[in-house]
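Asks: Pasting a predicted model and its sequence here:
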Amino acid sequence: MSFDGSPPLVSLADYERVATERLGEQAASYIFGGAGEEITLRDNFAAWRRLALLPRMLVGVGRRDPSVELLGVRRPHPVLIAPTAFQRLTHPEADVATARAAAATSTIMCLSTLASTSPSALADAVPEATRWFQLYVFADRGVTREVVAGAAEHGYEALVVTVDRPVLGVRERELSSQVRSLTVEGLTDAFKSTGPATPADFTAVIDPDLNWSDIERFVAESPLPVLVKGILTAADARLALEHGAAGVIVSNHGGRQLDTVLSGADALPAVVDAVGDQLDVLVDGGIRRGTDVIKALALGARAVLVGRPILWGLGLGGAEGVQRVLELLLAEVDNALALVGAPRAGDLDRTMVARAPWG
Ligand code: FNR
Ligand code: LAC
């Protein structure tokens with residue numbers, strides 16, 4: 001993909017640069033922004049780069065296999081599409097375009113509760129995409145139950161309960177550019193919503209009192225495995241295990257919630273040490289290179305999620321743009337597996353990463 005006869009976009013950083021130039025102000029400030037001084041936002045990216053790789057030689061890397069086991073199922077590769085709300089702000093085809101790219105690259109797509117497209121409409125439009133559903137729990141538990149039942153009915157394979165957004169982070173870019181014309185198709189009936197709203201309007205319906213007994217109830221009631229998204233400590237990972245979760249996603253919500261919390265990369269090892277032999281541990285935040293992906297796996301993650309780069313691809317080229325972003329990243333993963341001397345994703349381990357001297 002290239003623009004106006006300029007050189008082709010060959011890295012996720014290229015997509016970021018061009019997206020910065022071309023996305024409208026509302027979409028750009030919603031997508032790029034983080035909380036507070038954006039220290040965590042920047043560190044999510046920097047933390048993977050503070051890790052050095054220790055490659056092994058002469059192991060024979062002609063045949064490579066990036067597949068991983070996730071929730072007991074073999075998946076062709078370890079990259080997932082993170083849930084992101086309001087994709088229509090970025091492209092008219094929104095989640096449908098994203099799901100087409102997911103299907104084309106065998107990537108699992110996680111649909112947000114606050115998506116522009118309802119779970120059923122997405123399932124009807126792109127039935128071939130493997131889909132997980134991200135749940136925001138509403139103060140109105142009747143609505144929550146409806147949403148969960150709808151996801152299970154429409155072939156979503158896991159429930160990702162996001163727990164790091166009881167209230168909205170302090171997001172100055174969103175406030176100053178007045179992000180406002182947001183709509184959520186899945187909730188229109190449930191809330192009899194009358195029209196476009198702001199992120200704060202949608203946050204107001206999320207239950208700030210959500211607690212571990214709710215997680216236990218979702219595990220008991222939901223036919224789908226439950227992952228808890230937004231864990232940053234070993235203590236909370238152990239609670240997720242005790243309350244029946246199938247997995248945790250180590251995440252700080254892309255640096256959009258509490259500024260100065262640890263990056264995913266730095267929080268990951270303690271969580272893996274605490275629960276990695278019993279739960280699937282995934283991680284997100286700042287994954288932009290194949291080397292970031294293999295470092296995450298080497299530290300014990302089963303898979304990674306990618307947020308903003310998907311939206312850069314979506315904004316620049318719809319389904320084709322998202323597909324290209326995923327293909328670039330997956331090609332880099334393949335390249336990194338070969339050069340680090342771990343031809344199968346399962347060959348990666350902690351002996352292959354160290355604190356970088358330049359960090
Ligand atoms: C998000 N994220 C998010 N998470 C979630 O659980 N539900 C959601 O609706 C959203 N919405 C959302 C919108 C936008 C614009 C962004 C950038 C992020 C967080 C997302 O799932 C993920 O944790 C981070 O985006 C990962 O970091 P990177 O890859 O963006 O650095
Ligand atoms: C966000 C939400 C919707 O980060 O999770 O904007």
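Replies: Happy to help now that I have it. Numbering: from 1, shown residues only. Ligands and ions are numbered 1, 2, ... in the order given.
Asks: so where's this protein uncertain?
Replies: Where the chain drops to pLDDT under 70, the residues are 188-195.
Asks: So which bits of the stretch 201-350 of the chain are right by ligand 1?
Replies: Counting by CB under 6 Å from any ligand atom, the positions of the stretch 201-350 of the chain adjacent to ligand 1 are Lys229, Ser251, His253, Gly254, Arg256, Asp284, Gly285, Gly286, Ile287, Val306, Gly307, Arg308. Heads up, the C-betas are built off the backbone N, CA and C, glycines and all.
Asks: Intersect the residues you listed with the contacts of ligand 2.
Replies: Restricting those to those within reach of ligand 2 (CB under 6 Å from any ligand atom) leaves His253, Arg256.
Asks: now that we have the residues of the stretch 201-350 of the chain next to ligand 1, which one has the most neighbours?
Replies: Gly285 (33 neighbours; other CB atoms under 10 Å).
Asks: State the distance from it to Thr183.
Replies: Distance check for Gly285 against Thr183: by CB to CB, to the nearest Å, it reads 27 Å.
Asks: For stretch 307-318, report the contacting residues that lie outside it.
Replies: Stretch 307-318 is contacted by residues 1, 3, 9, 12, 15-16, 18-19, 22-23, 27, 31-32, 81-82, 84, 87, 90-91, 93-94, 97-98, 101, 254, 284-285, 288, 321-326, 329 when judged by CB atoms under 8 Å, 6 or more residues apart in numbering.
Asks: Among those, which ones are in strands?
Replies: Secondary structure from DSSP state E places Ile81, Asp284 of the contacts of stretch 307-318 in strands.
Asks: Narrow the contacts of stretch 307-318 to those that are buried.
Replies: Of all the contacts of stretch 307-318 considered here, the ones buried according to neighbour count by 16 or more other CB atoms under 10 Å are 1, 9, 12, 15-16, 18-19, 23, 27, 31-32, 81-82, 84, 87, 90-91, 93-94, 97-98, 101, 254, 284-285, 288, 321-326, 329.
Asks: List the residues that contact the residue lying farthest from the centre of the chain.
Replies: The centre of the chain is farthest from one residue, Leu58, which by CA atoms, centre = their mean lies 34.5 Å away. Contacts of Leu58 were listed using CB under 8 Å, 6+ apart, and they are Gly341.
Asks: Ok, Leu114 next?
Replies: Applying CB under 8 Å, 6+ apart, the residues near Leu114 are Ala85, Phe86, Tyr136, Leu182, Val184, Leu187, Phe202.
Asks: Now with 7 Å, please.
Replies: Counting by CB atoms under 7 Å, 6 or more residues apart in numbering, Leu114 touches Ala85, Phe86, Tyr136, Val184, Phe202.
Asks: wait, is it part of a strand?
Replies: No: read with DSSP: H, G, I helix; E, B strand; the rest coil, Leu114 is coil and lies in no strand.
Asks: what's the neighbour count on the residue nearest to it when sequence neighbours are not counted?
Replies: Nearest residue to Leu114 in three dimensions, chain neighbours excluded: Ala85, at 3.6 Å (CB to CB, 6 or more residues apart in numbering). Neighbours of Ala85 under the rule other CB under 10 Å: 20.
Asks: Roughly how far does Ala85 sit from Asp4?
Replies: Distance from Ala85 to Asp4, by CB to CB: 30 Å.
Asks: Identify the residue nearest Tyr30 in space, chain neighbours excluded?
Replies: Val179 (4.8 Å).
Asks: Now do the contacts for that neighbour.
Replies: Counting by CB under 7 Å, 6+ apart, Val179 touches Gln26, Ser29, Tyr30, Thr198, Pro199.
Asks: Distance to Pro66 and neighbour count added to those residues, as JSON lines?
Replies: Formatted as JSON lines, the contacts of Val179 follow (distance: CB to CB, whole Å; neighbours: other CB atoms under 10 Å):
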{"residue": "Gln26", "distance to Pro66": "36", "neighbour count": "18"}
{"residue": "Ser29", "distance to Pro66": "35", "neighbour count": "19"}
{"residue": "Tyr30", "distance to Pro66": "32", "neighbour count": "24"}
{"residue": "Thr198", "distance to Pro66": "40", "neighbour count": "16"}
{"residue": "Pro199", "distance to Pro66": "35", "neighbour count": "20"}
